[in-house]
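Q: mind looking at a prediction? Sequence and model below.
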Amino acid sequence: MLDIQLLRSNIDDVAARLAARGYQLDVQAFNALEAERKALQTRMQELQAKRNASSKQIGIAKRNGEDVSAIMAEVASLGDELKNAETGFDAVQKQQDNWLMSIPNLPHESVPSGKDENDNVEVRRVGTPRSFDFEIKDHVDVGAPLGLDFDTGAKLSGARFTVLKGDIARLHRALAQFMLNTHTGEHGYLEHYTPYIVNDSALLGTGQLPKFAEDMFKVTKGGEEGTVDQYLISTSEITLTNTVSGEILKAEELPLKFTAHSPCFRSEAGSYGRDTRGLIRQHQFDKVEMVRIEKPEDSYAALEEMVGHAENILKGLGLPYRVITLCTGDMGFGAAKTYDIEVWLPAQDTYREISSCSNCEAFQSRRMMTRFKDENGKNQLVHTLNGSGLAVGRTLVAVLENYQNADGSVTIPEVLRPYMGGKDKIGG
RNA sequence: GGAGAAAUGGCCGAGUGGUCGAAGGCACACCCCUGCUAAGGGUGCAUACGGGCAAAACCUGUAUCGAGGGUUCGAAUCCCUCUUUCUCCGCCA
């Protein structure tokens, strides 16, 4: 959520910055709504003040045993007018809130401007794609004999669900373990285990709602709609970030660095026909997530550091990758700046996204009301960051493709072998 | 699932219809006093939004005592619904 004060004082500037990310801010509509709000609020508050003053007088008069019928009559006449003013104000306020909640974040000044993914800027490439002296297979064909089973997944749950069996299930688990151990042991993140079902308030906090309900899986308890809507998490960014919603943190507690391994559920609405083959785009996939709660002045250094933490996983696994800065037009709703990490997939002969690290600045904390007390004792909104470290399913894809051998086996990256009972390869 | 109790400021805790945004204590900040320590005295100390202001300081208004509704001229206090916590019973991995 943007600061409404900024909209009030600098709306043209805000509109221009939003235009860079392809969002048309309706300045006129805002100004009209704002004028209406101001008039209604002033009127309402005047009436409330009048009522409060009269009620106070009644109290005093009664205590002194005086006659109060005159004041009673006077204040009674306020009733309807006050009720109307309150109703009107509430309606406008709600309209303004909903609208505000649907405006994306402002891009940071360092973000390259551009229209779509073609305007993203490559920052660096690390590692050299391996050259193969045999006909390579994609991960679907490499994985099939090892226990990668799309048919059974489809039988159980439909398209975009998969069953992993045997060594490949273990490899999948090994990847998550390696990531989690690295982030907790070497990067200083606190491991969390969190719910996979959350209330809508959490999704409002991190920005999945109100705008992106169609991307989520909604769940019901016993088949009945409860008093609050609940959803499967699409990322543990939601739970990790919302652990501090509504809190006023102490400055010395910051930064907070959280990590969790969780499944992610995404309806993938609107992606029919895209990445239908294989594990790339699933309704359910695992991810190890990093979340950081930072002081504003530290958040951009933290973003760089967190990208480095995600990169360390790829370096450890020996997978070639590149880091790109998303342009203004390609960033997600809540991000002020995003780096994507793309891993080399030899069968696709291209780099594919495997991590996304974003600084949301105060966009989420303003929605969640997460603040900290600064040196002057003032409450300031924190900055929130999140990043995949990494998407486990896609990492599995990358390992299968990059480490495949001519005989159909897959070499296990060195760092994973302790998790694989010491094996150096599977299959073949 | 059943029965009961509870939810108040950073924390503890008083407050059952009227100068209550809320006593008191703790914590915290500043000042005074005290030759250390401890104790004592004073002052300050919730949040959001609106208006005044170019802005800060400040002044002022409104709202907020788990959430949402209701009764009333007036609600922390009464009524309803919900949420959460605790105790007991049942069920269950």
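A: Yep, it's here.
Q: residues of the longest helix along chain A that come out buried?
A: The longest helix of chain A (DSSP state H) is helix A:27-63. Buried residues in helix A:27-63, counted by 16 or more other CB atoms under 10 Å: A:30, A:33, A:34, A:36, A:37, A:40, A:43, A:44, A:47, A:54. (Glycine included, C-beta is placed from N, CA and C.)
Q: show me what contacts the residue lying closest to the second one once chain neighbours are set aside?
A: When the adjacent residues along the chain are set aside, residue A:33 lies closest to residue A:96, with 5.6 Å between them (CB to CB, 6 or more residues apart in numbering). In this structure, residue A:96 makes contact with A:4, A:33, A:34, A:37, judged by CB atoms under 8 Å, 6 or more residues apart in numbering.
Q: any chance of those residues in JSON lines, plus pLDDT?
A: Below are the contacts of residue A:96 laid out as JSON lines (pLDDT from 0 to 100):
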{"residue": "A:4", "pLDDT": "89"}
{"residue": "A:33", "pLDDT": "88"}
{"residue": "A:34", "pLDDT": "88"}
{"residue": "A:37", "pLDDT": "88"}
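Q: go through the residues you listed and name the one nearest RNA strand B.
A: RNA strand B has its nearest neighbour among those in residue A:4, at 6.1 Å by CB to the nearest atom of the strand.
Q: my read is that the closest one contacts residue A:97, right?
A: No - taking CB atoms under 8 Å as the definition, residue A:4 is not a contact partner of residue A:97, at 9.3 Å.
Q: filter the buried residues of helix A:27-63 down to the ones near RNA strand B?
A: Counting by CB under 7 Å from any atom of the strand, A:44, A:54 from those sit close to RNA strand B.
Q: tell me which of the buried residues of helix A:27-63 is nearest to residue A:358?
A: Within the buried residues of helix A:27-63, proximity to residue A:358 (CB to CB) peaks at residue A:30, which comes in at 25.9 Å.
Q: does the worst-scoring helix or strand of chain A on mean pLDDT reach RNA strand B?
A: Lowest on mean pLDDT, DSSP states H and E among the helices and strands of chain A sits helix A:69-76, with a mean of 79. Yes - Helix A:69-76 lies within reach of RNA strand B by CB under 7 Å from any atom of the strand, at A:72, A:75, A:76.
Q: state the next helix or strand along the chain beyond the helix or strand containing residue A:287.
A: Using DSSP states H and E, residue A:287 maps to strand A:284-294. Downstream of strand A:284-294, the next assigned helix or strand under DSSP H and E is helix A:299-317.
Q: now that next one: buried residues?
A: A:299-300, A:302-303, A:305-307, A:309-314, A:316-317.
Q: separation between the residue in the stretch 51-200 of chain A positioned nearest to RNA strand B and residue A:71?
A: Among the residues of the stretch 51-200 of chain A, residue A:59 lies closest to RNA strand B, at 2.7 Å counting by CB to the nearest atom of the strand. Distance, residue A:59 to residue A:71, using CB to CB, to the nearest Å: 10 Å.
Q: how about residue A:307?
A: Between residue A:307 and residue A:71 the distance is 67 Å, computed by CB to CB.
Q: where are the low-confidence patches of chain A?
A: Under the criterion pLDDT under 70, the flagged ranges of chain A are A:224-225.
Q: how about the residues of it by RNA strand B?
A: Within chain A, the positions lying close to RNA strand B (CB under 7 Å from any atom of the strand) are A:4-5, A:8, A:38, A:41-42, A:44-46, A:48-49, A:51-56, A:58-60, A:62-63, A:72, A:75-76, A:79, A:226-228, A:248, A:371, A:379.
Q: could you say which helix or strand contains residue A:180?
A: Using DSSP H and E, the element containing residue A:180 is helix A:166-185.
Q: cool, residue A:366 as well?
A: helix A:363-368.
Q: for residue A:258, give me phi and psi.
A: Dihedral pair for residue A:258: phi -120, psi 150, per degrees, to the nearest 10.
Q: that one: how many residues sit nearby?
A: The tally of other residues near residue A:258 (other CB atoms under 10 Å) stands at 23.
Q: what's near enough to touch it?
A: By CB under 8 Å, 6+ apart, the residues touching residue A:258 are A:189, A:190, A:192, A:240, A:243, A:290, A:291, A:292, A:293.
Q: any idea how far the following helix or strand past the helix holding residue A:180 is from the chain center?
A: Going down the chain from helix A:166-185, the next helix or strand is strand A:190-192, by DSSP H and E. When distances are taken as CA atoms, centre = their mean, to the nearest Å, strand A:190-192 is centred 17 Å away from the chain's centroid.
Q: for the residue nearest to residue A:33, helix, strand, or coil?
A: Secondary structure, DSSP: H, G, I helix; E, B strand; the rest coil: residue A:96 is helix.
Q: what about the residue lying closest to residue A:160 once chain neighbours are set aside, distance to RNA strand B?
A: Once flanking residues are discounted, residue A:160 sits nearest to residue A:283: 4.4 Å by CB to CB, 6+ apart. Using CB to the nearest atom of the strand, to the nearest Å, residue A:283 is found at 25 Å from RNA strand B.
Q: contact partners for residue A:283?
A: Contacts of residue A:283 by CB under 8 Å, 6+ apart are A:157, A:158, A:160, A:161, A:217, A:265, A:266, A:267, A:268.
Q: how does it look with 10 Å?
A: By CB atoms under 10 Å, 6 or more residues apart in numbering, the contact list for residue A:283 reads A:153, A:157-162, A:217, A:232, A:264-268.
Q: likewise for residue A:344?
A: By CB under 10 Å, 6+ apart, the residues touching residue A:344 are A:125-130, A:314, A:319-322, A:350-352, A:354, A:398, A:401-402.
Q: now swap in residue A:383 and tell me
A: With contacts defined as CB under 10 Å, 6+ apart, residue A:383 is in contact with A:254-255, A:292-300, A:302-303, A:336, A:359-365, A:370.
Q: drop anything exposed from the residues you listed.
A: Buried subset of the contacts of residue A:383 (neighbour count, 16+ other CB under 10 Å): A:254-255, A:292-295, A:299-300, A:302-303, A:336, A:359-365, A:370.
Q: wasn't residue A:124 part of a strand?
A: Yes - counting by three-state DSSP, residue A:124 falls inside a strand.
Q: what's across from the spatially closest residue to it that is not a sequence neighbour in the sheet?
A: Spatially, and ignoring its direct neighbours in sequence, residue A:124 is nearest to residue A:323 (5.3 Å; CB to CB, 6+ apart). Taking DSSP bridges as the rule, residue A:323 bridges to residue A:124, residue A:341.
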